[in-house]
Structures are given as C-alpha cells and as structure tokens.
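K.L.:
give me coordinates for this.
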Amino acid sequence: MGKPGIHFPGLGVGLVILRDGKILLYKRIRVPEAGHWSIVGGKVDHMEPIAEAARREAEEETGLTIGRTELLGHAEVISGADAQHWVSFLYIAREVSGDPRLTEPEKLSDFGWFTRSELPAPLSDFAKAAIGYLDNENFR
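P.N.:
Now for the predicted structure:
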C-alpha cells in the first residue's frame with residue numbers, strides 16, 4: 001500500500017504549546033526537515049480524531065499533560081529534498097502542565113522555550129506556518 005508522506009500525501013498534526021509568551025520547540029533528528037526546530041506533532045492514525053492525535057503526539061513527545069486545544073489552521077509541506085509530502089492540521093495549547101523533557105531521543109535532540117524575537121534557526125516549515133497564525137499578543 002505504501003507509506004504516508006512518501007508514496008502518497010500524509011495526514012499529520014502539529015501542536016503549538018505556549019507558556020508565558022514563549023513557544024516550545026524541539027530539534028528534529030529525522031526527515032522531514034532533520035536538524036530543524038519545530039513544533040511537536042506527527043501522523044494521524046487510522047480512525048483517530050485529528051484533535052486527539054495532536055494531544056497524543058504532543059504528550060508522547062514532551063511528557064507534558066495537554067489541556068484544551070484550539071485549531072489554528074493548516075500547513076502543507078512538500079519537501080523535494082526529503083521526497084516527502086505532508087498536510088497537517090495545526091492546533092494550539094495554552095493549558096499545559098508539567099515540565100517538558102526529551103521523551104523520544106531517537107526523534108528529537110533538543111528543546112527550549114523561545115520568544116518571537118529569539119527563535120532558533122533553522123525553523124521547520126511547519127513551525128513557520130504555525131508561528132504565522134499566532135498574534136503578537138500571545139506570543140511576544
């Protein structure tokens with residue numbers, strides 16, 4: 001049948017986690033966009049509601065407990081360099097508890113909280129799209 005993102009467009013989710021005017025970003029190890037800083041997320045499983053996938057992926061990758069989420073928008077990334085094509089729904093969470101950690105070191109190598117003026121480079125296309133949806137009031 002093939003693999004999502006490689007043999008046909010994959011359906012993914014991303015979650016912007018905001019706390020005290022800062023965004024939580026993780027540095028990716030794997031393609032697509034290996035070596036880039038990104039929001040947390042991943043693929044939607046068969047028969048899994050998209051909002052639940054966003055929460056699940058974020059909790060798996062960060063160790064945080066995610067409260068209410070809201071839909072921000074979507075992003076489409078076609079990466080010729082990685083030969084991957086993903087369409088993702090982007091969500092935001094402002095209600096989170098716990099401290100983030102590296103729970104999947106085979107996928108992610110580093111993380112941090114960043115203000116709009118101190119974003120790390122390079123940013124993933126998914127992170128750029130998500131940040132584009134944020135207003136300055138909540139993300140300084």
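
K.L.:
next SSE downstream of the longest helix along the chain?
P.N.:
Longest helix of the chain, by residue count under DSSP state H: helix 50-62. Note on helix 50-62: by DSSP states H and E, the next helix or strand toward the C-terminus is strand 65-66.

K.L.:
who are the packing partners of that next one?
P.N.:
Other helices and strands packing on strand 65-66, by 3 or more CB pairs under 8 Å, 6 or more residues apart in numbering; DSSP states H and E, are helix 50-62, strand 96-97. C-beta: built from backbone N, CA, C; applies to glycine.

K.L.:
what's the longest one in contact with?
P.N.:
By that I understand helix 50-62. Applying CB atoms under 8 Å, 6 or more residues apart in numbering, the contact partners of helix 50-62 are 11, 13-15, 17, 24, 26, 40-45, 48, 64-66, 69, 71, 89, 91, 93, 100-101, 103-104, 107-108, 111.

K.L.:
buried set for it?
P.N.:
By 16 or more other CB atoms under 10 Å, the buried positions in helix 50-62 come out as A51, A53, A54, R55, R56, E57, A58, E59, E61, T62.
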